[in-house]
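Colleague: Next come a sequence and a model predicted from it.
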Amino acid sequence: MKINECYFANKNYLFSEIADKVEHFKKDRLNQKIYNLGIGDVTLPLDTKLVDVMERALKEQTHINTFKGYPPETGYDFLKNAIVCTYAQMGIKISIDEIFISNGAGCDVTNILNLFKDVTAVIADPTYPAYYDSNVLCGNDVILLPLNKSNDYKMSPSSLSTDKSYLIYICSPNNPTGATLSHDEIEKWVEFANLTKSIILFDNAYQCFIEDNSPKSIFEVDGAKSCAIEIASFSKCAGFTNLRCGYTVVPKSLTRQDVSLNSMWRRHQCTFFNGVPYHIQKGAEYVLSDEGKEICKNNIEYYKQNAKILRQHLSNSNFEILPSNNSPYVWIKIPLDMTSWQYFDFLLSTYGIVCVPGSGFGVGGEGYIRLSAFAKREDILDACKMLT
Ligand code: MLT
């Protein structure tokens, strides 16, 4: 047996590298307050009503009549039904057996590679690092599509050959830049994917931050069910980064080489995954109820307001930022003659502010940093004062 040498070629995972640097810094500067605007991790506590629902569900485990063993690998029907209804409210028809409950988008967006061989991945540069890293660790070919001012920070298929098929990663609103694809722009990708028998992995982790009429699901676009898999998460929209729950939609009409990818993913999950705990799925079901949605809306508004405050302060002080209102992230051009990592060190050592260096998202991110609006309001305000 040989070990997978692709692991040597790959640098550390971006968010672990940042966490290590911050830990190291804290040991040297014990009294320095840290303003964490780095990783996009939620900071608002869970609502007590949500916790009550989960507590009641957990208590069911103490009674012989309601005790539950292994959860179904693809999720409980009550949660899948709630997701079916949420899609229906958007005018999208998804059936219960097209939904696979997961413990978050990160696992599915990387594990999905197990369904394919000889992959050529198409990934934006800059990009969410898990897309790129998982492909490099599997030894796949990767085509990077640069995002920059000249293309409005949006990927398009125009430079790709139509002679082969690809695994195409689309995150809209984009992490890290915040750029959001319109219906027409997604439609171009759907047409291209159907033409070339490619597969689109559509990551809609940030859909709840969309303020304009950009699609919140790729299935708003005709033709997507024969070329796309949608990966969704309760992390950012409902504060589940610790609880862990998400879902993946694999349409039954999605086939390649006459094989159903829905059946393949079912086979995969039954073998590689043990399901999400009952009480967590009960919590996820609750956040999709009218009452739960209202609670989540308040938290989302708080983070949106944080993003607005950051954007306003920074642009008033002549920082060059990407003008996106659909994202909890602010993508900022570094105002000094420094690399992304140098500016990261500068912000940390001067103010205790943690950002994400743009180059961590790919070479196309060099010269930029990303700030997260998931931080506490007081930290956002203090960071604005220090930076401007
Ligand atoms: C980010 O900061 O980009 C994400 O929150 C990290 C993640 O979702 O894994």
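Modeller: Received, thanks.

Colleague: For the ligand, what's the nearest residue on this protein?
Modeller: Nearest residue of the chain to the ligand, counting by C-beta to the nearest ligand atom: residue 40, 3.1 Å away. The way it works is simple: take the backbone N, C-alpha and C, and place the C-beta from them, glycine included.

Colleague: okay but that residue is in contact with residue 329, surely?
Modeller: Yes. Contact criterion C-beta atoms under 8 Å: residue 40 and residue 329 qualify, at 6.6 Å.

Colleague: Which neighbours do these two have in common?
Modeller: Residues touching both residue 40 and residue 329 (C-beta atoms under 8 Å, 6 or more residues apart in numbering): 175, 372.

Colleague: Tell me which residue is most central in the chain.
Modeller: residue 205 (4.1 Å; C-alpha atoms, centre = their mean).

Colleague: Quick check: residues of the stretch 101-250 of the chain near the ligand?
Modeller: 106, 128, 175 (C-beta under 6 Å from any ligand atom).

Colleague: Out of those, name the ones that lie in helices.
Modeller: Secondary structure assignment by DSSP state H places residue 106 of these in helices.

Colleague: most neighbours, which of the residues of the stretch 101-250 of the chain next to the ligand?
Modeller: Neighbour counts for those, by other C-beta atoms under 10 Å, peak at residue 175, which reaches 26 neighbours.

Colleague: Give me the nearest residue to it, chain neighbours excluded.
Modeller: residue 128 (4.6 Å; C-beta to C-beta, 6 or more residues apart in numbering).

Colleague: hey, where'd the helices end up in this structure?
Modeller: Using DSSP H, helices in the chain cover 6-9, 14-28, 48-59, 77-89, 105-111, 129-137, 183-196, 235-238, 261-272, 278-287, 290-316, 340-351, 377-387.

Colleague: Output these in CSV; the columns should cover mean pLDDT.
Modeller: Formatted as CSV, the helices of the chain follow (pLDDT from 0 to 100):
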stretch, mean pLDDT
helix 6-9, 87
helix 14-28, 96
helix 48-59, 98
helix 77-89, 98
helix 105-111, 96
helix 129-137, 97
helix 183-196, 98
helix 235-238, 97
helix 261-272, 97
helix 278-287, 98
helix 290-316, 97
helix 340-351, 98
helix 377-387, 97
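
Colleague: Might you list the low-confidence residue ranges for the stretch 101-250 of the chain?
Modeller: Under the criterion pLDDT under 70, no range of the stretch 101-250 of the chain is flagged.

Colleague: quick one: the strands in it?
Modeller: Applying DSSP state E, counting those that start in this stretch to the stretch 101-250 of the chain gives strands spanning 120-125, 141-146, 167-171, 199-203, 228-233, 246-249.

Colleague: residues contacting the residue lying farthest from the centre of the chain?
Modeller: Farthest-out residue of the chain from its mean C-alpha position, per C-alpha atoms, centre = their mean: residue 64, at 38.6 Å. By C-beta under 8 Å, 6+ apart, no residues touch residue 64.

Colleague: that older thread, can you pull the contacts of the residue nearest to residue 175?
Modeller: 171, 175-176, 203, 361.

Colleague: now, which of the residues you listed sits nearest residue 27?
Modeller: residue 361 (27.0 Å; C-beta to C-beta).

Colleague: How confident was the prediction at that closest one?
Modeller: For residue 361, the pLDDT comes out at 98.

Colleague: I figured it was touching residue 14, is that so?
Modeller: Yes. Taking contacts as C-beta under 8 Å, residue 361 lies within contact range of residue 14: 7.3 Å.

Colleague: which residues do the two both contact?
Modeller: By C-beta under 8 Å, 6+ apart, the residues touching both residue 361 and residue 14 are residue 129.

Colleague: quick one, which of those two is more surrounded?
Modeller: residue 361 (26 against 21).

Colleague: Skipping its backbone neighbours, what lies nearest that one in space?
Modeller: residue 126 (3.4 Å).

Colleague: before we move on, the earlier item: now tabulate the strands of the stretch 101-250 of the chain in TSV and tack on distance to residue 218.
Modeller: Shown next, in TSV, are the strands of the stretch 101-250 of the chain (distance: least, C-beta to C-beta, whole Å):
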stretch	distance to residue 218
strand 120-125	15
strand 141-146	17
strand 167-171	7
strand 199-203	4
strand 228-233	5
strand 246-249	9
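
Colleague: will you turn those strands into a markdown table that also has mean neighbour count?
Modeller: Output for the strands of the stretch 101-250 of the chain, formatted as a markdown table (neighbours: other C-beta atoms under 10 Å):
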| stretch | mean neighbour count |
| --- | --- |
| strand 120-125 | 22 |
| strand 141-146 | 16 |
| strand 167-171 | 25 |
| strand 199-203 | 24 |
| strand 228-233 | 26 |
| strand 246-249 | 24 |
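
Colleague: Ok, which of the ones you listed comes nearest residue 73?
Modeller: Checked against C-beta to C-beta, the stretch from the strands of the stretch 101-250 of the chain lying closest is strand 246-249, at 12.5 Å.

Colleague: Check which helices and strands the closest one sits against.
Modeller: Judged by 3 or more C-beta pairs under 8 Å, 6 or more residues apart in numbering; DSSP states H and E, strand 246-249 is in contact with helix 77-89, strand 99-102, helix 105-111, strand 228-233.

Colleague: so residue 375 touches residue 44, yeah?
Modeller: No. Using C-beta under 8 Å, residue 375 is not in contact with residue 44, being 10.3 Å away.

Colleague: So between the two, which is more surrounded?
Modeller: residue 375 (26 against 14).

Colleague: contacting residues for the nearest residue to the more buried one once chain neighbours are set aside?
Modeller: The shortest distance from residue 375 to any non-neighbouring residue, by C-beta to C-beta, 6+ apart, is to residue 37 (5.0 Å). Shown in contact with residue 37 (C-beta under 8 Å, 6+ apart): 353-355, 371-373, 375, 379-380, 383.

Colleague: Go again with 10 Å.
Modeller: If you count contacts by C-beta atoms under 10 Å, 6 or more residues apart in numbering, residue 37 has them with 306, 310, 329-330, 347, 353-356, 369-376, 379-380, 383, 387.

Colleague: Sounds good, over and out.
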